[in-house]
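1. Sequence first, predicted model second:
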Amino acid sequence: MMGLLKRDLSLALRAGGGFGLALAFFLIFVALVPFGIGPETGRLSDIAAGLLWLGALLACLLSLDRIFQLDWEDGTLDLIATSPLPLEAASGLKALAHWLTTGLPLVAAAPVLGLMLNLPPAAFPWLIASLLAGTPALSVIGTFGAALTVGIKRGGLLLSLLVLPLYVPTLILGALTATRGAQGLDATTPLLLTAGITLGAAAVLPFAAAAALRVNLR
Amino acid sequence: MVSIWEYANPRRFMATSGAVLPWVAAIAALSLIGGLVWGFFFTPDDFRQGATVKIIYVHVPAAIMAVNAWLMMLVASLIWVIRRHHVSALAAKAAAPVGMIFTLIALFTGAVWGQPMWGTWWEWDPRLTSFLILFLFYLGYMALWEAIDNPDQAADLTAVLCLVGSVFALISRYALVFWNQGLHQGTTVSTVGVGVARNEGVADVFLYPLMVSLAGFAFLFLALVLYRTRTEIRARRVKALIAQERMA
Amino acid sequence: MVDLGQYAVPVLSAYGGTIVLLVGLVGASVWQARRVARRLDAIEARRGGSGGGRTGGKTGGKTGARTGARTGDKTGDRAARAK
């Protein structure tokens, strides 16, 4: 188990592994925001929390097809499926690896980028907490989507179409946490709900992902 | 008494659906046209909303059937996953475009209804927004069917998507209500519209044509699903025969 | 005619849009059904003409009762026709 995790982590971290691309996208997205909606600091301040959530979500989305695609192409996925490790556990580990190499860096980058968007000071702890609670859900849901579409050539766009509606509850509650926190309100309830989605998704979706992988590996 | 599982046999299904379809279609046409004509021409205006209340006769049935269509797809997907009846998988595939169009009708009529009430063409209230998400789920489901060549694989993957999607659709609904409470109070298209139909103890004068129209939409759904499933069964046969020809 | 007052545009466009979408849906379903039926007839005509050489096979990804039922059916038909 640890072997698979370490392998995925090292693959992601070495050159060409895609690590850092999600971060770069996040940065570019934030940089583009003022060009799209104007640089007025007051207006940016109001919507910064939500925009950062949106940027993190999209950065996550773009890195999803890496989860299974490379292993599918070189036959490693077959090996993983026939190994003693249950496919459900392998899917969970893949999701964990994705979160460690994509989600967690985004969480670290968000406060820094928040400075660029004039995020209110009260929002910072809530933003970080909500992202910590929500990005694992994005990884797990994304892993499920990647498992569904792994066999489809150029399935990246379809993957996005399938995963984005599934991302909606996480986005709603996570962004709500950050936004309420920015307004100085207590945002514990949406934060707990966000964490609830993560826990629920992590409990159930590896099974769905494994089922999808089995179908695709037939 | 014939068990419903008899109709899992495609030939049985084709035979029975062929016999039943003209009747279902006739009832659908009669109740749909009847309900809409009744509602449009022979009902009074609402005290608050004027003539726009007439939109409930298309908006509410479409919305109800949009959700029911997804539920039917969910059940059919479960039957496929558990009992591997091809007819069931194809019925789910056949139902999706119908549900999608109903969702689109609900969205469109909801927006058009909201405009005179609100002054804007779109409001992010929980009900309209959930239908928007439902619309996206339909699109994704249909796209996945189209993207996969092998019919059994496609059936399996779309069934898993339908199951997972249903859970998330439910969660989204609650998240949206939570979200909307935080943003602004105030009447929504849904409470204004549905209020006429339900909460305020709707007068029979509105309720009866609504029921007829709902029956029309329901029978239309049934007729279209039967008709389209027959097409899907035939299409699979075409595919199988072509594959056999290539191998022979 | 019904007096819709100031709400004529919303009400009429709601009904109009609904009718257009429903007619479109039914029309598309009918068009698709006819196209598939034509293809099926064409293929079955080809096969009916060529006769034997068909395996009772389960090729083309179809399994189970349907292939069995259809194959058995067709072989029976051909046998009946051959007589």
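-> Arrived safely. Everything numeric in this text was worked out from a predicted model, so none of it was measured.
2. if I pick residue C:32, what's in contact with it?
-> B:228, B:231 (C-beta atoms under 8 Å, 6 or more residues apart in numbering or on different chains). Yep, even glycine has a C-beta here, placed from its N, CA and C like the rest.
3. For it, grab phi and psi.
-> Dihedral pair for residue C:32: phi -60, psi -40, per degrees, to the nearest 10.
4. State the pLDDT value of it.
-> According to the prediction, residue C:32 has pLDDT 96.
5. Just the C-alphas of the helix or strand hosting residue A:32, formatted as PDB.
-> Following DSSP states H and E, one finds residue A:32 within helix A:21-37. Output in PDB follows, covering the C-alpha atoms of helix A:21-37 (Å, rounded to 0.1, in the frame of the first residue of the first chain):
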ATOM      1  CA  LEU A  21       1.200  22.800 -13.000                       C
ATOM      2  CA  ALA A  22      -1.900  23.100 -10.900                       C
ATOM      3  CA  LEU A  23      -0.200  25.700  -8.800                       C
ATOM      4  CA  ALA A  24       0.800  27.600 -11.900                       C
ATOM      5  CA  PHE A  25      -2.700  27.500 -13.200                       C
ATOM      6  CA  PHE A  26      -4.000  28.800  -9.900                       C
ATOM      7  CA  LEU A  27      -1.600  31.700 -10.100                       C
ATOM      8  CA  ILE A  28      -2.600  32.500 -13.700                       C
ATOM      9  CA  PHE A  29      -6.300  32.300 -12.800                       C
ATOM     10  CA  VAL A  30      -5.900  34.800 -10.000                       C
ATOM     11  CA  ALA A  31      -3.800  37.000 -12.200                       C
ATOM     12  CA  LEU A  32      -6.500  37.000 -14.900                       C
ATOM     13  CA  VAL A  33      -9.300  37.900 -12.500                       C
ATOM     14  CA  PRO A  34      -8.700  41.700 -12.400                       C
ATOM     15  CA  PHE A  35      -8.400  41.700 -16.200                       C
ATOM     16  CA  GLY A  36     -11.800  40.100 -16.400                       C
ATOM     17  CA  ILE A  37     -13.700  42.000 -13.700                       C
END
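6. Just the residues contacting it, thanks.
-> A:43-44, A:47, A:51-52, A:54-56, A:58-60, A:62-63, A:102, A:105-106, A:109-110, A:113, A:116-117.
7. wait, doesn't residue C:10 sit right on residue B:112?
-> Yes: using C-beta atoms under 8 Å, residue C:10 is in contact with residue B:112, at 5.0 Å.
8. Quick check: neighbours shared by these two?
-> Shared contacts of residue C:10 and residue B:112, defined by C-beta under 8 Å, 6+ apart, are found at residue B:55.
9. what number of residues lie near residue A:37?
-> Neighbourhood size, residue A:37 [other C-beta atoms under 10 Å in any protein chain shown]: 12.
10. Check residue C:20 too.
-> Neighbours of residue C:20 under the rule other C-beta under 10 Å: 13.
11. Tell me if it really is in a helix.
-> Yes: assessed by DSSP: H, G, I helix; E, B strand; the rest coil, residue C:20 belongs to a helix.
12. And it, how close does it get to chain B?
-> 10 Å (C-beta to the nearest C-beta, to the nearest Å).
13. Quick one, grab the pLDDT at that residue.
-> Note on residue C:20: pLDDT of 97.
14. From residue B:128, how far off is it?
-> The gap separating residue C:20 from residue B:128 is 20 Å, by C-beta to C-beta, to the nearest Å.
15. mind listing what's buried in the helix holding residue A:32?
-> Neighbour-count burial for helix A:21-37 flags A:22-23, A:25-27, A:29-30, A:33-34 (criterion: 16 or more other C-beta atoms under 10 Å in any protein chain shown).
16. got a markdown table for those, with pLDDT too?
-> Below are these laid out as a markdown table (pLDDT from 0 to 100):
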| residue | pLDDT |
| --- | --- |
| A:22 | 90 |
| A:23 | 92 |
| A:25 | 93 |
| A:26 | 95 |
| A:27 | 95 |
| A:29 | 95 |
| A:30 | 95 |
| A:33 | 92 |
| A:34 | 91 |
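17. just for chain A, where's the confidence low?
-> Within chain A, the segments meeting pLDDT under 70 span A:15-18.
18. any chance you could map the helices in chain C?
-> Counting by DSSP state H, the segments of chain C that form helices are C:8-50, C:65-82.
19. whoops, I mixed them up, chain B
-> Per DSSP H, chain B carries helices over the ranges B:10-41, B:56-83, B:86-118, B:126-147, B:151-183, B:189-194, B:204-247.
20. In TSV: those, plus distance to chain A.
-> Below are the helices of chain B laid out as TSV (distance: least, C-beta to the nearest C-beta, whole Å):
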stretch	distance to chain A
helix B:10-41	22
helix B:56-83	9
helix B:86-118	12
helix B:126-147	4
helix B:151-183	4
helix B:189-194	17
helix B:204-247	17
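21. re the thing from before, pick the one among the buried residues of helix A:21-37 closest to chain B.
-> residue A:33 (20.3 Å; C-beta to the nearest C-beta).
22. Tell me how far that closest one lies from chain C.
-> To chain C, residue A:33 is 35 Å away according to C-beta to the nearest C-beta.
23. same check, this time on residue B:138
-> Distance, residue B:138 to chain C, using C-beta to the nearest C-beta: 13 Å.
24. In contact with that residue, which residues?
-> Listed by C-beta under 8 Å, 6+ apart, the contact set of residue B:138 reads B:70, B:96-97, B:99-100, B:103.
25. which two in those are spaced the farthest apart?
-> By the measure C-beta to C-beta, B:70 and B:97 form the most distant pair in those, at 12.4 Å.
26. Between these two, which is the more surrounded one?
-> When residue B:70 and residue B:97 are compared for neighbours, residue B:70 comes out ahead with 25 against 19, by other C-beta under 10 Å.
27. Kindly tell me how buried the spatially closest residue to the more buried one that is not a sequence neighbour is, as a neighbour count.
-> Spatial nearest neighbour of residue B:70, chain neighbours left out: residue B:99 (5.7 Å); criterion: C-beta to C-beta, 6 or more residues apart in numbering or on different chains. Look at residue B:99: counted by other C-beta under 10 Å, it has 27 neighbours.
28. and what of residue C:4?
-> By other C-beta under 10 Å, 17 other residues sit near residue C:4.
29. List the contacts of it.
-> By C-beta under 8 Å, 6+ apart, the contact set of residue C:4 is B:51, B:54, C:11-12.
30. Just the buried ones among those residues, please.
-> When the contacts of residue C:4 are checked for burial by 16+ other C-beta under 10 Å, the buried set is B:51, B:54, C:11.
31. What part of chain B, helix or strand, is modelled with the least confidence?
-> Least confident helix or strand, chain B: helix B:189-194 with a mean of 45, by mean pLDDT, DSSP states H and E.
32. where does chain C dip in pLDDT?
-> C:1-2, C:49-83.
33. can you put the contacts of residue C:4 in JSON lines and add distance to residue B:133?
-> Listed next are the contacts of residue C:4 as JSON lines, based on distance: C-beta to C-beta, whole Å:
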{"residue": "B:51", "distance to residue B:133": "30"}
{"residue": "B:54", "distance to residue B:133": "27"}
{"residue": "C:11", "distance to residue B:133": "27"}
{"residue": "C:12", "distance to residue B:133": "29"}
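34. pretty sure residue B:36 contacts residue C:14?
-> No: between residue B:36 and residue C:14 there is no contact under C-beta under 8 Å: 10.9 Å.
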